[in-house]
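In: compute the structure for the input listed below.
(chains A, B, C and D)
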2 protein chains.
Amino acid sequence: MARAARKKLKEAPEKTTRIQEINRRLILDAALDVFSTYGFRGTTIDQIAERAGMSKPNLLYYFPRKQNIYVTLLEETLTEWLAPLAEIDAEGDPIEQLRKYITLKINMSETHPEASRLFANEILHGAPAISDFLTKYLKPLVDEKAGVIRRWVGEGKLAPVDPYHLIFMIWATTQHYADFDVQVRAIMGSQVGRPGFKEQTAQAVLSIILNGIRPRD
Amino acid sequence: MARAARKKLKEAPEKTTRIQEINRRLILDAALDVFSTYGFRGTTIDQIAERAGMSKPNLLYYFPRKQNIYVTLLEETLTEWLAPLAEIDAEGDPIEQLRKYITLKINMSETHPEASRLFANEILHGAPAISDFLTKYLKPLVDEKAGVIRRWVGEGKLAPVDPYHLIFMIWATTQHYADFDVQVRAIMGSQVGRPGFKEQTAQAVLSIILNGIRPRD
DNA sequence: CTGCATTTTGACCAAGTAGTCAAGTTTTTG
DNA sequence: CAAAAACTTGACTACTTGGTCAAAATGCAG
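Out: Next comes the predicted model:
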């Protein structure tokens, strides 16, 4: 009994060794690549294991279920992905704040397209793994920022616009370049890779949205 | 030999019987529901067969491969999905033409969200089945309409804006409501179902985009 | 109504894949 | 440095799933 108690005590803090840390990272990085390309069902554990450079049983030693990897990955990236929204400052200049937000989002789409695709895929399939997150964490955050935008509109600092639809519009346009990359490339061809393409994109998106919401006389 | 020739002749017109017509329709309708929800890999033939109300071997009698159903479905809906773009009239009033286009797209997102999700999923995963379509059919069409928009800009009828990014923006914002429906619902809750929601959405999107591209003094 | 063509299906197979296990290897620790 | 703990893996199992097949049922033309 004393032994059992000690064992339980030892397990509780769930200590992580150096090797665990390294391998979990390797697995999650590999999993992001594969899941974001093939989706949950389309991804096999073998694929992830191979990309992570370890055997399948070894991978399963760290994450006993495929689901575990997927959910861990989603949780890990979601907060980071939403960070820019939280940074919108109610006291700042509306147009400047939104310019900053849009710019940040376009940069994220460019630097972490896998994260964007991972979410897009999850939502597209009905968000089975993160519907809780959406209502418990995302909704309150969006509600708060929608309040800020509504206030700005009330003060005449922005044209009358529904704050929720504005936020959706920003998400849609910025993430489009990550999620629909293949389509963008099929249409714009070699331009996409060229230096300055991201700036051109940012310029176009900012120009339309900001002029679209600038207060009109 | 004569018999073989006759047989070949008979196969060539690929006559479709009444039963074939009915069953192909049943299968494709069922497949659209399932594929658009679970994606290609996430869908099983059994699921489609069950929803179509027939046995799996029977379904395979009409479409020998899973791929066949999927590709047929994509081809069948793609043209229809792009039809509104083709209707943009170079001789019409720019703002009016774009208003009409955006409105049509929002309506389609509302009435055929499955079609939107089917494409979104396909593109998200790298468009393995329709990359040819994108370059051979979609690109020329977009190039043509981009030319029209560019001309409008040149004539001062629209604010200076990159036509390709404008088109992407319209696609992104309108399809967002179909593809990310779960997220929209998680955030806007009961509002989504309410009558008038579609109109409110259209109003918000039109207001921002049209004001964003209206020529400025 | 009769015989041929079309349609339908139960039973089956082969491949792929999530997850197990016991036996080995390496790392940590007292 | 020796024992314990942590880590690693080849071989395997159970199950899912795309697709086959032969035989039965149904539809239809003459």
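In: neighbours around the residue lying closest to residue A:179 once chain neighbours are set aside, how many?
Out: Counting by C-beta to C-beta, 6 or more residues apart in numbering or on different chains, residue A:179 lies nearest to residue A:120, which is 4.5 Å off, once chain neighbours are set aside. Every C-beta, even on glycine, is put in place using the N, C-alpha and C of the backbone. By other C-beta atoms under 10 Å in any protein chain shown, the residues close to residue A:120 number 24.
In: can you tell me how far residue A:120 is from residue B:120?
Out: Relative to residue B:120, residue A:120 is positioned 8 Å away (criterion: C-beta to C-beta, to the nearest Å).
In: could you name every residue contacting both of those two?
Out: Common contacts of residue A:120 and residue B:120 (C-beta atoms under 8 Å, 6 or more residues apart in numbering or on different chains): A:179, B:179.
In: residue contacts, the spatially most central residue of chain A?
Out: Centroid check for chain A by C-alpha atoms, centre = their mean gives residue A:81 as the closest residue, at 3.6 Å. Contacts for residue A:81 (C-beta under 8 Å, 6+ apart) come out as A:108, A:112, A:115, A:116, A:119.
In: most surrounded residue in those residues?
Out: Busiest of those [other C-beta under 10 Å] is residue A:116, holding 25 neighbours.
In: got the confidence number for that residue?
Out: Turning to residue A:116, the model gives it a pLDDT of 97.
In: quick check: buried residues in the strand or helix carrying residue A:209?
Out: Element membership of residue A:209, judged by DSSP states H and E, is helix A:197-213. Neighbour counts over helix A:197-213 (16 or more other C-beta atoms under 10 Å in any protein chain shown) mark A:197-198, A:201-202, A:204-213 as buried.
In: and what of stretch A:55-69?
Out: A:59, A:62, A:63, A:66, A:69.
In: isn't the first one right up against residue A:49?
Out: Yes: between residue A:59 and residue A:49 there is a contact under C-beta atoms under 8 Å: 4.4 Å.
In: where does pLDDT dip in chain A?
Out: Confidence mapping of chain A against pLDDT under 70 gives the ranges A:1-14, A:217.
In: switch the cut-off to 50
Out: Confidence mapping of chain A against pLDDT under 50 gives the ranges A:1-13.
In: what's the lengthiest helix in it in contact with?
Out: Longest helix in chain A by number of residues, with DSSP state H as the criterion: helix A:18-42. Residues from elsewhere that reach helix A:18-42, judged by C-beta under 8 Å, 6+ apart: A:43, A:47-49, A:51-54, A:58-59, A:62-63, A:66, A:69-70, A:72-73, A:76-77, A:113-115, A:117-118, A:121-122, A:125, B:38-42, B:125-126.
In: whether it contacts DNA strand D - can you check?
Out: Yes: under the criterion of C-beta under 7 Å from any atom of the strand, helix A:18-42 makes contact with DNA strand D via A:19, A:20, A:23.
In: and the helix or strand just after that helix with helix A:18-42, angle?
Out: Past helix A:18-42, heading to the C-terminal end, the next element that is a helix or strand (DSSP H and E) is helix A:45-52. Using axes from the mean of the first three to the mean of the last three C-alpha atoms, to 10 degrees, one finds that helix A:45-52 and helix A:18-42 are set 140 degrees apart in direction.
In: can you spell out which helices and strands pack onto helix A:45-52?
Out: helix A:18-42, helix A:56-62 (3 or more C-beta pairs under 8 Å, 6 or more residues apart in numbering or on different chains; DSSP states H and E).
In: now with 10 Å?
Out: Judged by 3 or more C-beta pairs under 10 Å, 6 or more residues apart in numbering or on different chains; DSSP states H and E, the packing partners of helix A:45-52 are helix A:18-42, helix A:56-62, helix A:66-86.
In: ok, now how distant is the spatially closest residue to residue A:51 that is not a sequence neighbour from residue A:59?
Out: Take residue A:51 and drop its neighbours on the chain: the residue closest to it by C-beta to C-beta, 6+ apart is residue A:30, 3.8 Å away. Counting by C-beta to C-beta, the separation of residue A:30 from residue A:59 is 9 Å.
In: what sits in contact with each of these two?
Out: A:48, A:49, A:50, A:52, A:69 (C-beta atoms under 10 Å, 6 or more residues apart in numbering or on different chains).
In: tell me which of those is nearest to chain B?
Out: Minimum separation from chain B among those (C-beta to the nearest C-beta) is found for residue A:48, which lies at 15.2 Å.
In: isn't the closest one right up against residue A:66?
Out: Yes: under the criterion of C-beta atoms under 10 Å, residue A:48 lies in contact with residue A:66, with a separation of 8.4 Å.
In: what touches both of those two?
Out: Here residue A:48 and residue A:66 have A:31, A:35, A:59 as joint contacts, going by C-beta under 10 Å, 6+ apart.
In: sounds good, over and out.
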